[in-house]
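>>> sequence and predicted structure below; questions after.
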Amino acid sequence: MPTGPAYLTVVLVWATTPLAIKWSAEAGAPVGSVWLRMAIAAVLAVLILRLLGRGLPRSRRALLSYAVAVPGVFGAMALSYRASMSLPSGLLSVMFGLAPLISGLILQALPGATRLKPWHWLGCLLGVVGLAVIFADSLGAGVDQLGALAMMVAAVTLFSGSGIAVQRVAAGLPPLEQTAGALLLSMPCFALLWLASGEPLMVPLTSRGLWAVLYLALFGSLIGFLCYYLILSRLAAATVALVTLITPVLALGLGMALNGERPSLSMWLGAALILVALGAYLFGDRLARRAAKRAAAP
């Protein structure tokens with residue numbers, strides 16, 4: 001697949017995923033909805049592997065790589081689906097924009113990691129301020145929204161930590177095999193949570209909720225993920241990182257246009273601070289190098 005269409009696919013999939021999550025859980029069964037999504041995605045992934053004549057690696061390192069991906073699949077998704085019932089869909093995307101900042105902070109506690117520079121810490125500080133503004137706004141909205149925000153912070157932390165763990169295991173698995181293995185290992189966790197949640201075993205879905213589940217299974221869990229790994233292997237990290245700046249803006253707009261969402265002024269301010277924080281964190285190095293070149297120029 002050419003790089004341009006793959007990049008556009010990632011942007012569109014990541015921008016539309018939060019709204020699709022909200023629609024798929026709107027009938028009141030978030031755990032059942034996410035289980036159905038992941039089950040369909042797992043079956044599709046295995047079928048594609050079979051069609052390609054490839055199997056699922058079962059070496060010790062491969063199994064470990066699947067296992068450490070489970071918190072990012074099961075933990076992050078289960079929390080995100082539950083939080084989607086109380087938060088605007090665009091805010092879900094904004095919260096996941098914190099992932100690079102949280103990843104950077106987690107890495108500081110691990111040996112061999114690159115130390116954060118001043119602009120990285122500035123980005124983290126702005127991100128915390130933006131998060132605090134959103135939390136303060138939610139205090140007046142009730143306990144449900146506040147709890148949902150806490151769930152999203154936990155979800156992004158699990159997602160970030162899991163991604164770092166997969167990198168550290170360094171099993172060298174192709175994206176499709178890594179995705180299929182992580183999905184298959186996550187399925188029992190989703191099933192147990194579904195049984196414990198008391199939700200009906202027949203997942204209640206609205207018409208658009210059913211289409212949202214199918215969309216998320218095919219695009220959110222497979223095509224989007226594979227395209228992401230493709231552009232990651234072909235483009236500079238900074239270019240790929242732009243996706244996390246573009247998608248929250250698009251997701252907020254889609255939520256307003258298609259779901260009648262009206263984020264408060266404080267929520268907009270908090271989201272803007274988080275996006276500025278992300279920009280400072282991701283592109284501070286480039287700006288610093290440009291400033292140094294200008295200063296050194298005669």
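Thanks, I have the structure now.
>>> now whichever strand or helix holds residue 166: mean pLDDT?
Using DSSP states H and E, residue 166 falls within helix 143-169. For helix 143-169, the mean per-residue pLDDT is 88.
>>> can you list the weak-confidence ranges in this protein?
Applying pLDDT under 70 to the chain flags residues 137-142, 233, 236-239, 241, 285, 287-298.
>>> how about the strands in it?
Here the chain has no strands by DSSP state E.
>>> residue nearest the centroid of it?
residue 96 (5.2 Å; C-alpha atoms, centre = their mean).
>>> what sits against it?
By C-beta atoms under 8 Å, 6 or more residues apart in numbering, the residues touching residue 96 are 152, 155, 156, 159, 244, 248. Placement of C-beta: from N, CA and C, glycine included.
>>> relative to residue 14, which of those residues is nearest.
residue 244 (8.1 Å; C-beta to C-beta).
>>> the residue lying closest to the closest one once chain neighbours are set aside: neighbour count?
Distance criterion C-beta to C-beta, 6 or more residues apart in numbering; nearest residue to residue 244, sequence neighbours excluded, is residue 97 at 5.1 Å. If you count neighbours by other C-beta atoms under 10 Å, residue 97 ends up with 25.
>>> so residue 97 touches residue 276, yeah?
No. When contacts are counted by C-beta atoms under 8 Å, residue 97 is not listed as touching residue 276 (10.8 Å).
>>> surely residue 244 touches residue 99?
Yes. Contact status for residue 244 versus residue 99: in contact at 7.0 Å, counting by C-beta under 8 Å.
>>> and these two? Which one has more around it.
Comparing residue 244 with residue 99 by other C-beta under 10 Å, the one with more neighbours is residue 244, at 21 against 18.
>>> can you tell me how far that one is from residue 181?
25 Å (C-beta to C-beta, to the nearest Å).
>>> check residue 286 too.
According to C-beta to C-beta, residue 286 and residue 181 sit 35 Å apart.
>>> and the two? Which one has more around it.
residue 181 (24 against 11).
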